[in-house]
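In: Sequence and predicted model, in that order:
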Amino acid sequence: MSPFIPDPNTVPYSRRDFMLRCGGGAGALALSALLADSARGQNFNQNRRIDLMNPLAPRQPHFAARAKRVIWLFQYGAPPGMDLFDYKPDLLKLHGKPVPDSIRNIKDKVGGVFNSSKNELLAGPWKWAQHGRCGAWVSELMPHTAKHVDELCFIKSLHCDSSNHAPATYQMNTGVILGDRPSVGSWLTYGLGSENQNLPGFVVLFQVGGFGGTANWSNAFLPAAFQATKFRHEGEPVFNLKPPAELAGTQRDTLDLIQSFNKTHRDARPGLLDLDGRIASYELAYRMQSEALDVGDLSGETPATLELYGVNDPKRIKAQYGRQCLLARRLLERGVRVVQVYQGVDKYGWDGHDNNKDYAERNAHQTDQATGALLTDLKQRGLLDDTLVIWAGEFGRTPMLQGGAGRNHNPYGFTGWLAGGGVKGGQSIGATDAIGLRAEQDPKSVKDFHATILHAMGLANDDLFFEHNGRPERLTGVAGTGKAIREAFV
């Protein structure tokens, strides 16, 4: 008998004795769980072996996968699915009428969307048609994307946790609404490294970025090498890549001297990952000078390719997005692991509160040709088979009217799609209700969506973690909460 725990046969229990025994039992249970985890090899720490002086070195996935690289065409501002890809004949029939009671009175309420919208349904004025062998319905707003429906897997039952742009954009990019976690691109480059050591592993392209700014592509607590690098879509991709002529001959020697000082400083402070990341970033910046300049030089592209993407379109915003998509292809074929392109007519994107027709037409016109061109170009070059293409925004929009002619935010049901990289095209997964308001059939959370992206790249979402503040952090949160959509793949 422990000297700290009285013998129950000789000494009456006190309340303190009772609490002590309960505490000891809880500790024993915790110890047994830890020992069991240890026996299974579940040691919670960094589980990707990172060479901090060469952090972008390629790493093996958890399992074989078709996809080797990712491009995410992020549609910020929330595109209206029921005007683009989520065909709702009942909505067309009920245009101008109240929301049916069968939807308005559902047990699983959908927050304040009824309070912030009129009790009047709004159907878009655009025609719909079936396309491809699969017969997918697509609005006339997206004629170029419609040519590729047999390669697209639509996920029409996505839902998220916030109806405000910045938190929802954070969640779609980082897994949480707070904006203090690593982005999807950072997790992918942490997990897999990159195929090109002379360019960043994760690049973002935008004129107007997503709501919430840099937190959407941050590395947060992951090593600094996994932070996204912004490339400009016009002129030099990165400022100040060319050294002054009088310094060009001594640049390597100067950097070597600086790096020797940096390493001495680092060696006196073991365990500070930011110091290793900073040293590595200086080296990457030096190597990036020639290759990044080459990426931004489109003079070698054929006139047919420039025409395909609409790079020379007289409408500046359309030409801008086309150039971004073409640069994305050039980055991917040079071995960059992740490229994220943010579309943007203006700072509001698809956010058509006051005039849904105007916003939908402007954004569709800006993005559709380049989206179709990217899919065509990747396929012609043999890159689509091992490139995962993602199209999605932060949430959707309501089928009810807001204001004079707009749609409000809707986190309860929206559409995204995947293509390439082992995706089984020509199918739709999940569905919203009859008017496109709420994910009704086979709902898919953001965690599921992220687990699916990781799965496409050969990464098991529960097995990709990084210890931060004493706990294993994952893109998909607590183990077991995100499930890859396996039916999306061949």
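Out: Perfect, thanks for sending it. Numbering: from 1, shown residues only.

In: who does residue 121 bridge with?
Out: Residue 121 forms beta bridges with residue 400, as assigned by DSSP bridges.

In: now swap in residue 152 and tell me
Out: Beta-bridge pairing for residue 152 (DSSP bridges): residue 419.

In: residues in contact with residue 420?
Out: When contacts are counted by C-beta atoms under 8 Å, 6 or more residues apart in numbering, residue 420 touches 67, 151, 375, 378, 383-389. C-beta here means a position set from N, CA and C on the backbone, and glycine is covered the same way.

In: Which of these sits closest to residue 446?
Out: Checking the contacts of residue 420 against residue 446 by C-beta to C-beta gives residue 388 as the nearest, at 16.7 Å.

In: distance of the closest one from residue 259?
Out: Distance, residue 388 to residue 259, using C-beta to C-beta, to the nearest Å: 36 Å.

In: The two: which is more packed in?
Out: Comparing residue 388 with residue 259 by other C-beta atoms under 10 Å, the one with more neighbours is residue 388, at 25 against 17.

In: quick one: the more buried one is in a helix?
Out: No: counting by DSSP: H, G, I helix; E, B strand; the rest coil, residue 388 falls outside a helix, being strand.

In: Report the separation between it and residue 136.
Out: 19 Å.

In: What sits closest to residue 194 if chain neighbours are left out?
Out: Closest residue to residue 194 apart from its sequence neighbours, by C-beta to C-beta, 6 or more residues apart in numbering: residue 201 at 3.4 Å.

In: for the stretch 1-150 of the chain, which spans come out with low pLDDT?
Out: Within the stretch 1-150 of the chain, the segments meeting pLDDT under 70 span 1-47, 107.

In: How far does stretch 473-490 sit from its chain's centre?
Out: Between the centre of stretch 473-490 and the centre of its chain there are 13 Å (C-alpha atoms, centre = their mean, to the nearest Å).

In: Likewise for stretch 332-341?
Out: Taking C-alpha atoms, centre = their mean, the mean C-alpha location of stretch 332-341 is offset from the chain mean by 13 Å.

In: What are the buried residues along it?
Out: Going by neighbour count (16 or more other C-beta atoms under 10 Å), the buried part of stretch 332-341 is 332-341.

In: how about the strands of the stretch 201-350 of the chain, start to end?
Out: Assigned by DSSP state E, counting those that start in this stretch, the stretch 201-350 of the chain shows strands spanning 202-205, 229-231, 338-342.

In: what comes up buried for the helix or strand that the longest one is followed by?
Out: Pointing back at strand 338-342 there. Per DSSP states H and E, the first helix or strand lying C-terminal to strand 338-342 is helix 356-380. Judged by neighbour count (16+ other C-beta under 10 Å), helix 356-380 contains these buried residues: 356-357, 359-379.

In: what do you get for stretch 109-129?
Out: For stretch 109-129, burial by neighbour count (16+ other C-beta under 10 Å) applies to 110, 113-114, 117-118, 121-124, 128.

In: what's the average pLDDT for stretch 152-172?
Out: Across stretch 152-172, the average pLDDT comes to 97.

In: and what of stretch 456-473?
Out: Here the average pLDDT along stretch 456-473 is 95.
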